[in-house]
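*Asks:* Just need the structure, nothing else, for what follows:
(one chain, ligands or ions: 1)
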Amino acid sequence: MRLSQDPLIRHPGQTAKEAPNVKFPWKTTLAVSAVLAATVYAVAQVSSGGPMSMHGQMQQGGMMNQMHSQMMQGQGGMPGTMGQGMHGDMHHGMQGGMGMHGGMHGQQSGAFNVPAMPGQDAFGTIQEIVQILQADPTTDWSKVNIGALRQHLIDMNEVTLHAAAAERVLDNGIEIAVTGEGRTLEAIKRMVPAHVSELREIGWNAKSEDLANGVKLTVTASEAQPLAKLKALGFMGIMVQGGHHQPHHLMMAKGEFPMH
Ligand SMILES: [Cu+2]
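*Replies:* Predicted coordinates:
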């Protein structure tokens, strides 16, 4: 892994500036889907008898330990919150499906000592996708292209963190000149027009125009997307619209999605 060659190094100032953006739907969704994927993966791995990666094993152990702790504290049986109910169900499913109940008791002392954070967003995204592909016996490895997904994640990093976005409010909408150089410019040219197609599919009045050093994105206000909202969303708030982002990552990895 030669990560040092990636244009991913963030300026310290930028990191601090971008840090409060914890509301990105894709991050939230990824966090949730990571938990779900880990569960699906764990069940699939055990039922197929396949090799379990160290990470999957550790995550699973951590989840089981947390569930056990809750059970031991008498919370699992209480019909309280949805979260507790979910833990109860998951525990039941795992116990019944895998018969690993006994073995897990031995790890209980390490309940909160097992780290799950991947350390880097793109690394974690690829790890999750690879786990999903490995857990799926129908995966066609002759088509899988993790390199393509990695290139897209680099695009996302460039567009999210490094592109300049000059926003101009019009009478009836917003016009954003998204510009950059080098790798950032490539990423803008791929991602912004592709996202305009997505926006149009979900009923937004959006268009893109080529600029010498980027792309001009124009979104016209409507009853559903009033001007005040477009102004508030700005470039990145508009880029995160639509519900197909994460599924597209899986399709890219499977070689089923035309790269944008
Ligand atoms: Cu993406």
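
*Asks:* Every contact and neighbour count from this point should use C-alpha atoms.
*Replies:* OK.

*Asks:* Look at residue 243 and report its pLDDT.
*Replies:* Note on residue 243: pLDDT of 89.

*Asks:* Residue 168 - how many residues pack around it?
*Replies:* By the criterion of other Cα atoms under 10 Å, residue 168 has 13 neighbours.

*Asks:* pretty sure it is touching residue 216, no?
*Replies:* No - using Cα atoms under 8 Å, residue 168 is not in contact with residue 216; the gap is 10.7 Å.

*Asks:* could you give the mean pLDDT of stretch 166-173?
*Replies:* Per-residue pLDDT over stretch 166-173 has a mean of 97.

*Asks:* Same check on stretch 121-128?
*Replies:* 97.

*Asks:* sorry, back to before: what sits in contact with each of residue 168 and residue 216?
*Replies:* 175-176 (Cα atoms under 8 Å, 6 or more residues apart in numbering).

*Asks:* For the closest residue in space to residue 225 that isn't next to it in sequence, list the residues it contacts.
*Replies:* Nearest in space to residue 225, with sequence neighbours left out and distances taken as Cα to Cα, 6 or more residues apart in numbering, is residue 204 at 7.7 Å. Residue 204 is in contact with 219-220, 225, counting by Cα under 8 Å, 6+ apart.

*Asks:* between the residues you listed, which has the most around it?
*Replies:* Within the contacts of residue 204, most neighbours by other Cα under 10 Å means residue 219, with 24 neighbours.

*Asks:* now the chain, which segments are flagged as low pLDDT?
*Replies:* Across the chain, the ranges flagged by pLDDT under 70 are 1-111, 258-260.

*Asks:* can you list the domains in it?
*Replies:* Domain assignment for the chain by automatic domain parsing gives 22-119, 140-253.
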